[in-house]
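A.B. asks: fold the following for me, if possible:
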Amino acid sequence: MPRSGRASAKRLHALWWVRGGSSAREAARQAGVGERTVVRWLGWYRQGGVARVLERVPGHGALGRASRLSEEQKWALGQESAKGRFRTYDEARAWVQEHDGVCYGYKGLYSVLRRAGVRPKVPRPRGAGRPGRPRGVERGGCTRALRRAGVSATQAVHFADELRLGLRGPVRRVLAPRGVKVRQALQLRYAWRYLLLAVGPLAGTLRWAWLERLTQDHLRPVLADWALDCVVWDGAGSHRGKRLRDLPTRRVLLPPYAPELNPAERIFEEIRRRVEGLVYESLDAKEAAVERYLTELAADPARVRRLCDWTWIADALARLPAPTAA
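C.D. replies: Alright, predicted model coming up:
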């Protein structure tokens, strides 16, 4: 079964140069491959002619040799890899040997995974939650958590969080030529305040306030003024405080260590991208820069929805029950 495409063209090109009297080194240079590769092709040619050269596949021997894993076994290996189960190729080898009874060498399984498109990848973080306890607001659990809090379909749900904005900011990535060291001025002043942000993902609304400290006494007047139907945020001590219980706002807690479930974090990413990495005369100046961006963003609800109207949140809110008659 002859090969086709670029690999076959290279082999035939090299053989043509050798047939014309060129050395293996010259043929390799013309074909754009190594000299040892051309020598190997010549060995195949002596064994079986052009057909033998074209039927060979690197790492497989002759084309058509049956794989040691069936298509179902390869699919199962791909599914396990997609779950992030294997940290190393050795772990994948051990799984294949235990699950399928096939013993691969390191290079053999490496080739199998590479051909399947499996490569080392840094996973995205997500909150693990506490063992033995429900995660609460998550994909599939958001509706249940809101129902337990008594939230109905007619009530607006906001996701809230705080951003500590200070003058000791991090450096930010910039565009620069390769090989050029770029230095960025960095402020080292310990001065900060908190930005309390509430996002309405379905309506694309933003509400924010500045706090000197993150305590119940500082949160209470802001929440009382906003009079939100429901707020979803993390389980910080000030969010669970007793002094907030008499407010009409229902509070739903996110799982611990799960910032990826809060769309307010998406707005914080945009804020950091615009204001960090610069030097400000004062904390008020940095706050003013954030105010300008939030004002611009709040005036464009469609833009807010593109950032925060995640599908799983919209589906969860759409399944909330209708309000019961008094």
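
A.B. asks: looking at the chain, which helix or strand is least sure?
C.D. replies: Evaluated with mean pLDDT, DSSP states H and E, the helix-and-strand set of the chain has its lowest mean pLDDT in strand 61-62, which scores a mean of 50.

A.B. asks: give me the buried positions along the following helix or strand past that one.
C.D. replies: Sequence-wise, the next helix or strand beyond strand 61-62 is helix 71-82, with elements assigned using DSSP states H and E. The neighbour-count check on helix 71-82 (16 or more other CB atoms under 10 Å) flags 73-74, 76-77, 80-81 as buried. No exception for glycine: its C-beta is placed from N, CA and C like everyone else's.

A.B. asks: just the terminal-to-terminal distance for stretch 51-69.
C.D. replies: Distance between the boundary residues of stretch 51-69 (CA to CA, to the nearest Å) amounts to 27 Å.

A.B. asks: which stretch of helix or strand covers residue 96?
C.D. replies: Under the criterion of DSSP H and E, residue 96 resides in helix 89-100.

A.B. asks: how distant is the helix or strand that that helix is followed by from the center of its chain?
C.D. replies: Scanning forward in sequence from helix 89-100, with DSSP H and E defining helices and strands, the next element found is helix 106-115. Centroid separation for helix 106-115 versus its chain: 25 Å, with CA atoms, centre = their mean, to the nearest Å.

A.B. asks: what's helix 106-115 packed up against?
C.D. replies: Helices and strands in packing contact with helix 106-115 are listed as helix 71-82, helix 89-100; criterion 3 or more CB pairs under 8 Å, 6 or more residues apart in numbering; DSSP states H and E.

A.B. asks: what residues sit buried inside it?
C.D. replies: Buried, per 16+ other CB under 10 Å, within helix 106-115: 108-110, 112-113.

A.B. asks: what does stretch 91-109 give?
C.D. replies: By 16+ other CB under 10 Å, the buried positions in stretch 91-109 come out as 92-93, 95-96, 100, 102, 104, 108-109.

A.B. asks: now the end-to-end length of that stretch.
C.D. replies: Counting by CA to CA, you get 11 Å between the two ends of stretch 91-109.

A.B. asks: helix/strand/coil for residue 170?
C.D. replies: When the structure is split into helix, strand and coil by DSSP: H, G, I helix; E, B strand; the rest coil, residue 170 lands in coil.

A.B. asks: what sits against it?
C.D. replies: 186, 276-277 (CB atoms under 8 Å, 6 or more residues apart in numbering).

A.B. asks: between these, which has the most around it?
C.D. replies: For the contacts of residue 170, the largest number of neighbours (other CB atoms under 10 Å) sits with residue 277, at 16 neighbours.

A.B. asks: identify the residue spatially nearest to it, adjacent ones excluded.
C.D. replies: Leaving aside its sequence neighbours, residue 277 sits nearest to residue 172 (CB to CB, 6 or more residues apart in numbering; 3.1 Å).

A.B. asks: residue 52 against residue 45, yeah?
C.D. replies: Yes - the pair formed by residue 52 and residue 45 meets the contact definition of CB atoms under 8 Å, at 6.7 Å.

A.B. asks: what about these two, which has more around it?
C.D. replies: Neighbours per residue (other CB under 10 Å) separate residue 52 from residue 45, with residue 45 holding more: 18 against 15.

A.B. asks: kindly reformat the buried residues of helix 71-82 as TSV containing distance to residue 207 and pLDDT.
C.D. replies: Listed next are the buried residues of helix 71-82 as TSV, based on distance: CB to CB, whole Å; pLDDT from 0 to 100:
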residue	distance to residue 207	pLDDT
73	54	87
74	51	86
76	49	87
77	49	88
80	44	87
81	43	86
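
A.B. asks: in the protein, where's the longest helix?
C.D. replies: Ranked by residue count under DSSP state H, the longest helix found in the chain is helix 35-55.

A.B. asks: identify the residues contacting the helix or strand hosting residue 312?
C.D. replies: Residue 312 belongs to helix 311-318 when elements are defined using DSSP H and E. Taking CB under 8 Å, 6+ apart as the criterion, the residues outside helix 311-318 that touch it are 139-140, 142-143, 146, 153, 157, 159, 201-202, 263.

A.B. asks: repeat the analysis, applying 10 Å as the threshold.
C.D. replies: Counting contacts by CB atoms under 10 Å, 6 or more residues apart in numbering, the residues outside helix 311-318 that touch it are 137-147, 151, 153, 155-157, 159, 201-202, 232, 261, 263, 305, 310.

A.B. asks: so which of those residues are in helices?
C.D. replies: Taking DSSP H as the definition of helices, the contacts of helix 311-318 contribute 142-147, 305.

A.B. asks: care to break the chain down by domain?
C.D. replies: The chain breaks down by automatic domain parsing into domains covering 6-62, 71-115, 142-172+183-318.
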